[in-house]
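S.K.: For reference, the sequence and a predicted model appear below.
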Amino acid sequence: MGHDHGHDHSHGANKKALTISFIIITLYMIVEAIGGFLTNSLALLADAGHMLSDSVSLGVGLIAFILGEKVANYSKTYGYKRFEILAALFNGVTLILIALYIFYEAFQRFTDIPEVASVGMLTIGIIGLVVNLVVAWILMRKGDTKENINLRAAFLHVLGDLLGSVGAVIAALLIMFLGWGWADPLASVIVAVLVLISGWRVAKDSVHVLMEGTPKNVNVQDITDTIEAIPEILGIHDLHVWSITSGQNALSCHAVVTENLTVQECQELLRNVESQLKDKDIGHVTVQMETSEHPHEDSLLCKSEHEKHTDQHDH
């Protein structure tokens, strides 16, 4: 139960961090988009485009958290927790598309450098920098940006924005003091590269989870050694380790056990396996027991009791 409680607590904190960030980013994105049009700055528009994707990503992330709270039912036995991963994938793909569009626009501007109102661009760039610093701080302090892929996606968006604002400020200064008009499209290209990298990473991580890949924080060999080190277990096969959603790993396997174990001993053996694996970041464990002489058939020996126990553990 402690595991679930910890998850609920971080879930609430993540949701709150996302809500505050979503409101701030959305309001500022509107300001920056208007500013970009008025000052004719692609760097500001690129940053506003990135902020729009931020706003969408934070909004989708928020919906994901709310949907993720819906309880499991017969048609969705794991609940809606995977929606978080789908949200992160959506974010990643959106970022890649925005980056490609900025590259295209910047190329047009390098060939025909337009006039930019640098003072307005500088002012909006500085405000953007402050806004992004505040939001990045909120997400880092109040949310779990390391373990939660959905929150990490949002955090990467904000970091990209922050660097975008720095680019816009530097470009504005170069235009003001040196008259380098090309600094504006150049700053937007740098933003686009950052956007592309973060988008690719988030998309790749999301696909890994959706493909039931082994979680990054789990060492399969270590897991196998841990289970097989238990005296009553002779060996394991059909081992699968996957993520249900960020921070929730699951494992299933068949364990060949010694003969003549009582139901009580089976129960203790399962508790032992569960507690050993909990230390290795696996909270959802399903083990099917069988003997070497009668694999699968004799596994019924303590299966009914085991399933009852697993049920209690999971709820």
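M.R.: Good, I have the coordinates. Numbering: from 1, shown residues only.
S.K.: mind listing the strands for the protein?
M.R.: Listed in chain order, the strands found in the chain under DSSP state E are 233-245, 248-257, 284-291.
S.K.: Kindly calculate the angle that the longest one makes with strand 248-257.
M.R.: What it means is strand 233-245. Between the axis of strand 233-245 and that of strand 248-257 there is an angle of 160 degrees, by axes from the mean of the first three to the mean of the last three C-alpha atoms, to 10 degrees.
S.K.: I figured Ala171 hits Leu42, correct?
M.R.: No. The pair formed by Ala171 and Leu42 falls short of the contact definition of C-beta atoms under 8 Å, at 9.2 Å. Using the backbone N, CA and C atoms, a C-beta is placed for each residue, glycine as well.
S.K.: Quick check: neighbours shared by the two?
M.R.: Residues within reach of Ala171 and of Leu42 at once, by C-beta atoms under 8 Å, 6 or more residues apart in numbering, are Asp184.
S.K.: related to what we said a few turns ago, could I get the strands of the chain as TSV with mean pLDDT, mean neighbour count and distance to Asp47?
M.R.: Formatted as TSV, the entries for the strands of the chain read as follows, by pLDDT from 0 to 100; neighbours: other C-beta atoms under 10 Å; distance: least, C-beta to C-beta, whole Å:
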stretch	mean pLDDT	mean neighbour count	distance to Asp47
strand 233-245	83	16	31
strand 248-257	86	20	35
strand 284-291	83	19	41
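S.K.: out of the ones you listed, which comes closest to Glu115?
M.R.: With C-beta to C-beta as the criterion, Glu115 lies closest to strand 233-245 of those, at 49.0 Å.
S.K.: Report the strands that pair with that closest one, each with its relative direction.
M.R.: strand 248-257 (antiparallel) (DSSP bridges).
S.K.: what angle separates the strand it pairs with from strand 284-291?
M.R.: Counting by the same axes, to 10 degrees, strand 248-257 points 10 degrees away from the direction of strand 284-291.
S.K.: gap between strand 248-257 and the chain center?
M.R.: Chain-centre distance of strand 248-257: 25 Å, with C-alpha atoms, centre = their mean, to the nearest Å.
S.K.: For the stretch 101-250 of the chain, which residues score under the pLDDT cut-off?
M.R.: With pLDDT under 70 as the threshold, the stretch 101-250 of the chain has low-confidence stretches at 143-147, 149-150, 246-247.
S.K.: Helices along that one, start to end?
M.R.: Across the stretch 101-250 of the chain, reading from the start of the chain, the helices by DSSP state H, counting those that start in this stretch fall at 118-142, 149-178, 183-210, 220-228.
S.K.: Report the buried residues of the longest helix seen in the chain.
M.R.: Under DSSP state H, the helix in the chain containing the largest number of residues is helix 2-39. Buried residues in helix 2-39, defined by neighbour count with 16 or more other C-beta atoms under 10 Å: 7, 10-11, 14-15, 17-22, 24-26, 28-29, 32-33, 35-36, 39.
S.K.: One more: stretch 168-187?
M.R.: Buried, per 16+ other C-beta under 10 Å, within stretch 168-187: 168-175, 181, 183-187.
S.K.: I'd say Met289 and Glu259 touch.
M.R.: No. Met289 lies out of contact with Glu259 (C-beta under 8 Å); the separation is 11.6 Å.
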